[in-house]
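K.L.:
Give me a model of this one.
(one chain, ligands or ions: 1)
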Amino acid sequence: MTTPALSAENLRFSFGGADVLQDLSAAFSPGRLTAVLGPNGCGKTTLLRCLCGLLKPQSGRILLDGGSPLTALSRKALARRISFLPQVRAVPDITVEALVSHGRFPHLGLSRRLTNDDREIVHQAMKQAGVLDFAMQRVPALSGGERQRVYLAMLLAQDTGVVLLDEPTTYLDARHKFEVLELLCAMRSSGKTVIAVLHDLPLALRYSDEILLLENGRPAAAGTPDEVYDAGAIDRVFGISCRRIRIDGQTEYIERRA
Ligand SMILES: Nc1ncnc2c1ncn2[C@@H]1O[C@H](COP(=O)(O)OP(=O)(O)OP(=O)(O)O)[C@@H](O)[C@H]1O
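P.N.:
Here you go, the predicted model:
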């Protein structure tokens, strides 16, 4: 069995005494795209923030490569291993290229200067995320969707083995949603461990390798999209009627009111 790149063991997290995550265990393997799903307020963002070290669980532990606890790493060392795209982000008044370059900061030496290799990585990241055309524009001047892709480019430039994304398709139009999911698939195909909170169920079930379905801070189901769907967990947890269909030789999912 592959050693998970990231694993959570018996996590408990509470805000001011109210448990948000309860005895939560999960393992995330390299080369897999996991969608974290669940109703509003079930603890998805809190889990991601624990997984990247921004929040410290009251009990349980998080391990990298099945061995070193997250807490043993410095902030900079952690940023070389795990990147995180939060749901709410600052909008600094700098150019797109400058923002994407921030992704390289954890990798810079004492001089804090970008090398030619760093610049090439930044260029490739902007190309892959489709933001090269506005590289010299200032971030506040972009639309929500354009900005979203710029943050994805920054994540690509950070080039970590584990990539966490909180609702990366927010603000995106239909075509760009597909493109972002395809970008995440390309990241996992290159061996990265990609974990994304997604609210778009059809998109999540269609593109992910694994689903972690949360309910009230605990896993309600985990497995491949087929396994989670076949167990009826999606319908039960969301109170909807999700259907798997075949269109043009491809498995797709549609969500309907129960
Ligand atoms: N800083 C905070 N202080 C107190 N309670 C919080 C804080 N952040 C989140 N919570 C609570 O923790 C619970 C889980 O929140 P979280 O943001 O993890 O849920 P979520 O599943 O990501 O929700 P959504 O789908 O709406 O984004 C919610 O009840 C929320 O009100």
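
K.L.:
Low-confidence stretches in the stretch 1-150 of the chain?
P.N.:
1 (pLDDT under 70).

K.L.:
same thing but at 50, please
P.N.:
Scanning the stretch 1-150 of the chain for pLDDT under 50 picks out no residues.

K.L.:
which bits of it sit near the ligand?
P.N.:
Taking C-beta under 6 Å from any ligand atom as the criterion, the neighbours of the ligand within the stretch 1-150 of the chain are F15, V20, G38, N40, G41, C42, G43, K44, T45, T46. Yep, even glycine has a C-beta here, placed from its N, CA and C like the rest.

K.L.:
let's see it at 8 Å
P.N.:
15-16, 18, 20, 38-49, 87 (C-beta under 8 Å from any ligand atom).

K.L.:
from the residues you listed, which ones fall inside helices?
P.N.:
Counting by DSSP state H, those place K44, T45, T46, L47, L48, R49 in helices.

K.L.:
coming back round to it: type out the ChimeraX command that picks the buried ones from the residues of the stretch 1-150 of the chain next to the ligand.
P.N.:
To isolate in ChimeraX the members of those that are buried, counting by 16 or more other C-beta atoms under 10 Å, one can use:
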select :20,38,39,42,43,44,45,46,47,48,49
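
K.L.:
quick one on the thing from earlier: so which of the ones in helices among the residues of the stretch 1-150 of the chain next to the ligand comes closest to I254?
P.N.:
Nearest to I254, judged by C-beta to C-beta, of these is K44 at 22.2 Å.

K.L.:
mind listing the helices for the stretch 51-200 of the chain?
P.N.:
With DSSP state H, counting those that start in this stretch as the criterion, the stretch 51-200 of the chain has helices at 75-81, 96-101, 116-128, 144-158, 174-189.

K.L.:
Would you mark the buried spots in the second one?
P.N.:
What that stands for is helix 96-101. V96, E97, L99, V100, S101.

K.L.:
do the same with the last one
P.N.:
Burial within helix 174-189, assessed by neighbour count using 16+ other C-beta under 10 Å, is assigned to H176, K177, E179, V180, L181, L183, L184, M187, R188.

K.L.:
got these as JSON lines, with pLDDT and distance to the ligand columns?
P.N.:
Formatted as JSON lines, these follow (pLDDT from 0 to 100; distance: C-beta to the nearest ligand atom, whole Å):
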{"residue": "H176", "pLDDT": "89", "distance to the ligand": "20"}
{"residue": "K177", "pLDDT": "92", "distance to the ligand": "17"}
{"residue": "E179", "pLDDT": "88", "distance to the ligand": "23"}
{"residue": "V180", "pLDDT": "91", "distance to the ligand": "18"}
{"residue": "L181", "pLDDT": "94", "distance to the ligand": "18"}
{"residue": "L183", "pLDDT": "91", "distance to the ligand": "22"}
{"residue": "L184", "pLDDT": "95", "distance to the ligand": "18"}
{"residue": "M187", "pLDDT": "94", "distance to the ligand": "22"}
{"residue": "R188", "pLDDT": "96", "distance to the ligand": "22"}
